[in-house]
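Peer 1: just need the structure, nothing else, for what follows:
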Amino acid sequence: MNSALITGANRSIGLETAKQLSEKGFLVYLGSRDLAKGEETVQELLKKGFQNIKAIEIDVTQPHSISAARNIIEKEQGRLDILINNAGILGVNPQTASDTSIEHIREVFDTNFFGVISVTQAFLELLKKSDSPRISNITSGLGSLTLHSDSTWKYYGIKGAAYGPSKSALNAYTIVLAYELKDLPFKVNAIDPGYTATDFNHHSGHGSVESAASFIIKHTLTDENAPTGQFFSNDIEDETKISPW
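Peer 2: Residues are numbered from 1 along each chain as shown. Just a heads-up that it's a prediction; the model follows:
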C-alpha cells in the first residue's frame, strides 16, 4: 500500500486531503503537533468509515520531532511515497514592512520555510525508495512576486512582511529541489489550494476545503510525464495553467 505523510493535517485543508487520499487507497499519516489531538481526529474519521489513517506527532520546527516521525514511518513502511508539506502559520497581523518585528517574521519562516526544508531533507531517503515519489509544497498566491507587482490583481492590496515572503521563499526552494531531483522519478511542485474558507483566515475565503484538497491531490498524484518544479494555483480559472512566480 502506498503511503503519504501530510503535515499539519488535523484540521482544515490538511484534514480533508487526508480523507480524500484515504478514499483513494493510501495509508495516510496524519501529521499533528499534538499527538492527542491527532489521535482524536483519527478516531472520528474511523467512526465515519475512513480507513488506513494514522496519527503521527510531528512539529516541523522541532528536529527531534521530525526525526521521531521519520523513524516511525521507516519502521512501519520502509519508504514514503508522498510528502505533502502542508503545515503553515499566518503570524501576527498587520505585517507592515516598516515595523513588524524580526521575531514575528522569523516565527513564520520557521514553520512555513525552514520547517518544510527540515521535513523534506529528513524524509528524502525514504522517498527515494518509492517508485513514484511526490513532494507537494503547499503555498499561496500571496507568494507570487509577479502577481504582487500587478496592480490589477484582485489580491494586490493584501501585503505582508512575513507570510507572503515565507511562501515566496518556499516557491524558490521548490524550484531548486525539483531541479536537483530532476533525473530521478520525483515530481516536486508548489501548490496553492486557493483562498479557502478555513480557521486560518477566519473563514473569509471563498473556496471549500473539498475543492482545495482535490486540487492538491490532482497535482500530486501525477504520472511520469507530469511537470515538476512548477507552481499551480486553484485561484486561476484555467487550473491547468502554471501560475506566475
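Peer 1: how far away is the most centrally placed residue in the chain from residue 157?
Peer 2: Residue closest to the average C-alpha location in the chain (CA atoms, centre = their mean): residue 86, at 2.5 Å. Distance, residue 86 to residue 157, using CB to CB, to the nearest Å: 26 Å. For glycine as for every other residue, the C-beta is placed from the backbone atoms N, C-alpha and C.
Peer 1: can you show me the helices along this protein?
Peer 2: 12-23, 35-47, 63-77, 102-109, 115-127, 145-148, 163-180, 209-218 (DSSP state H).
Peer 1: select, out of those helices, the one closest to residue 243.
Peer 2: Proximity to residue 243 (CB to CB) singles out helix 145-148 among the helices of the chain, at 8.1 Å.
Peer 1: name the surrounding residues that touch the closest one.
Peer 2: With contact meaning CB atoms under 8 Å, 6 or more residues apart in numbering, helix 145-148 is reached by 141, 142, 153, 155, 156, 159, 164, 168, 244, 245.
Peer 1: and the fourth one, how many neighbours?
Peer 2: When you say that, I think you mean residue 155. Neighbour count of residue 155, defined by other CB atoms under 10 Å: 16.
Peer 1: identify the residues contacting the nearest residue to residue 97 once chain neighbours are set aside.
Peer 2: Of all residues not flanking residue 97 in the chain, residue 161 sits nearest, at 4.5 Å (CB to CB, 6 or more residues apart in numbering). Remark: with contacts taken as CB under 8 Å, 6+ apart, residue 161 is in contact with 95, 96, 97, 100, 105.
Peer 1: how about residue 53?
Peer 2: Counted by CB under 8 Å, 6+ apart, residue 53 has contacts 18, 19, 22, 27, 28, 30, 42, 45, 46.
Peer 1: pull out the buried members of these.
Peer 2: Buried subset of those (neighbour count, 16 or more other CB atoms under 10 Å): 18, 19, 22, 27, 28, 30, 42, 45.
Peer 1: a markdown table for the residues you listed, including distance to residue 190?
Peer 2: Formatted as a markdown table, the buried ones among the contacts of residue 53 follow (distance: CB to CB, whole Å):
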| residue | distance to residue 190 |
| --- | --- |
| 18 | 20 |
| 19 | 23 |
| 22 | 24 |
| 27 | 25 |
| 28 | 21 |
| 30 | 22 |
| 42 | 28 |
| 45 | 27 |
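Peer 1: is it possible to export those residues to a markdown table including pLDDT?
Peer 2: Shown next, in a markdown table, are those (pLDDT from 0 to 100):
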| residue | pLDDT |
| --- | --- |
| 18 | 98 |
| 19 | 98 |
| 22 | 98 |
| 27 | 98 |
| 28 | 98 |
| 30 | 98 |
| 42 | 98 |
| 45 | 98 |
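Peer 1: distance between stretch 23-38 and the chain's centre?
Peer 2: 14 Å (CA atoms, centre = their mean, to the nearest Å).
Peer 1: picking up where we left off before, quick check: the residue nearest to residue 97 vs residue 179, distance?
Peer 2: Counting by CB to CB, the gap from residue 161 to residue 179 is 28 Å.
Peer 1: quick one: terminal-to-terminal distance for stretch 229-245?
Peer 2: Distance between the two ends of stretch 229-245: 11 Å, counting by CA to CA, to the nearest Å.
Peer 1: contacts for that stretch?
Peer 2: Contacts for stretch 229-245 (CB under 8 Å, 6+ apart): 139, 141, 144-147, 171, 174-175, 177-179, 182, 188-196, 207, 211-212, 215, 218-219, 227.
Peer 1: stretch 119-131 now?
Peer 2: By CB under 8 Å, 6+ apart, stretch 119-131 touches 2, 5, 7, 58, 60, 66-67, 70, 73-74, 77-81, 83, 85, 133, 135, 177, 184-186.
Peer 1: filter the contacts of helix 145-148 down to the buried ones.
Peer 2: Applying 16+ other CB under 10 Å to those flags 141, 142, 155, 164, 168, 244, 245 as buried.
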